[in-house]
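> Based on what follows, work out the 3D shape:
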Amino acid sequence: MTMATAIGHRGPMRLKGYDYAQAGAYFVTICVQDRLCLFGEVVDGLLVSNRYSALVARAWSDLPNHYPHVSLDQFVVMPNHVHGIIVLADIGADFKPAVRAGLKPAPTKRYALPEIVRAFKTFSARRINEIRQTPGTSVWQRNYYEHIIRSEADYTRIAEYVIDNPRRWSEDSLHPDNAPVVDTAIVAAGFTPDHCHRGADVVAGLKPHDHGDAGVGAGLKPAPTDARGLR
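Below is the predicted model of the structure:
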């Protein structure tokens, strides 16, 4: 299966045998449903944000408060997608989660990358739908794309890619004026193409993950809520 075909497939395409709960750095791309430019616009290489993009940024920055083994690196909100680097720390015997004022320490249970991305999608979508009074409406596409960062050079390349995203928005395959790339083999095989990808992401080796939950899809039942109020 080619990478283009893999991206068009709606099922989970995780790296076989890889433990996504283990310590490491991960680059993720998460797209808005139907490529809708929900989060503002780019003007002169800078995102002119709106209240929705502010909620997305807040949901992202809040992740370490719920997952003590998570730290965040480069992140950017684009009009219809986000890119970010998530770092999972190793939880050993000496690990002590940071506690911010007014917050109770979260349990040290280790959550994998898919759960963390799912939570981000759920938190942000819930807040956006509260504002626009559209409960249950899909905000994010079902899946997301990930790349395991394996070296300093890999990190540097990806970090620069994230930082440079707004300046290169007009060239982005997710830009509304740019026609999406569709693999005809996908259509022939009966799959619905998912256009949430960029050529550079494919080259980087990003792999799609299926998130049929996100607690935001119309007609979908929300994931069970645990003791901390997380979905």
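> Just the buried residues of the host helix or strand of Glu160, please?
Element membership of Glu160 [criterion: DSSP states H and E] is helix 152-163. For helix 152-163, a neighbour-count test (16 or more other Cβ atoms under 10 Å) marks 154-155, 158-159, 161-162 as buried. In short, each C-beta sits where N, CA and C put it, glycine included.
> Which secondary structure elements does the top helix by length along the chain sit against?
For the chain, the longest helix by residue count, based on DSSP state H, is helix 113-132. Helices and strands touching helix 113-132, by 3 or more Cβ pairs under 8 Å, 6 or more residues apart in numbering; DSSP states H and E, are strand 24-31, helix 51-61, helix 63-66, strand 81-88, strand 143-149.
> Of all the ones you listed, which one is nearest Phe39?
Nearest of the helices and strands packed on helix 113-132 to Phe39, taken as Cβ to Cβ: helix 51-61 at 3.7 Å.
> Between strand 24-31 and that closest one, find me the angle.
Calculated by axes from the mean of the first three to the mean of the last three Cα atoms, to 10 degrees, helix 51-61 forms an angle of 160 degrees with strand 24-31.
> For helix 51-61, the averaged confidence score.
Mean per-residue pLDDT for helix 51-61: 97.
> Counting by contacts, list what it packs against.
For helix 51-61, the packing partners by 3+ Cβ pairs under 8 Å, 6+ apart are strand 70-77, strand 81-88, helix 113-132.
> most packed of those?
strand 81-88 (a mean of 22; mean count of other Cβ atoms under 10 Å).
> Give the rounded mean pLDDT of it.
Strand 81-88 comes out with an average pLDDT of 97.
> which helices and strands sit right next to that strand?
strand 24-31, helix 51-61, strand 70-77, helix 113-132, helix 152-163.
> could these be laid out in CSV, adding distance to Glu146?
CSV is the format used below for the helices and strands packed on strand 81-88 (distance: least, Cβ to Cβ, whole Å):
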stretch, distance to Glu146
strand 24-31, 5
helix 51-61, 15
strand 70-77, 14
helix 113-132, 7
helix 152-163, 11
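> nearest to Tyr144, of these?
Closest among these, using Cβ to Cβ: strand 24-31, at 4.5 Å.
> Give me the next element, helix or strand, following that closest one.
Scanning onward from strand 24-31 (DSSP H and E), the first element met is strand 41-43.
> List the buried residues in that next one.
By neighbour count on 16+ other Cβ under 10 Å, the buried set for strand 41-43 is Val42.
> wait, isn't Leu36 in contact with Asn80?
Yes. Contact criterion Cβ atoms under 8 Å: Leu36 and Asn80 qualify, at 6.0 Å.
> Neighbour count: these two, which is higher?
A count of neighbours by other Cβ atoms under 10 Å puts Asn80 above the other of Leu36 and Asn80, at 21 against 13.
> Could you find the closest non-adjacent residue to His69?
Ala89 (4.7 Å; Cβ to Cβ, 6 or more residues apart in numbering).
> burial measure for that neighbour, as a count.
16.
> distance of it from Tyr111?
12 Å (Cβ to Cβ, to the nearest Å).
> what's the answer for Arg118, then?
For Arg118, the distance to Tyr111 - Cβ to Cβ - is 9 Å.
> now do Leu72
15 Å.
> one step back: and for Ala89 and Tyr111, which residues touch both?
With contacts defined as Cβ atoms under 8 Å, 6 or more residues apart in numbering, the residues shared by Ala89 and Tyr111 are His69.
> ok, back up a step: out of the helices and strands packed on helix 51-61, the one nearest Tyr52 is which?
Of all the helices and strands packed on helix 51-61, helix 113-132 comes closest under Cβ to Cβ, at 5.3 Å.
> which non-adjacent residue is nearest Val56?
Ser124 (4.9 Å).
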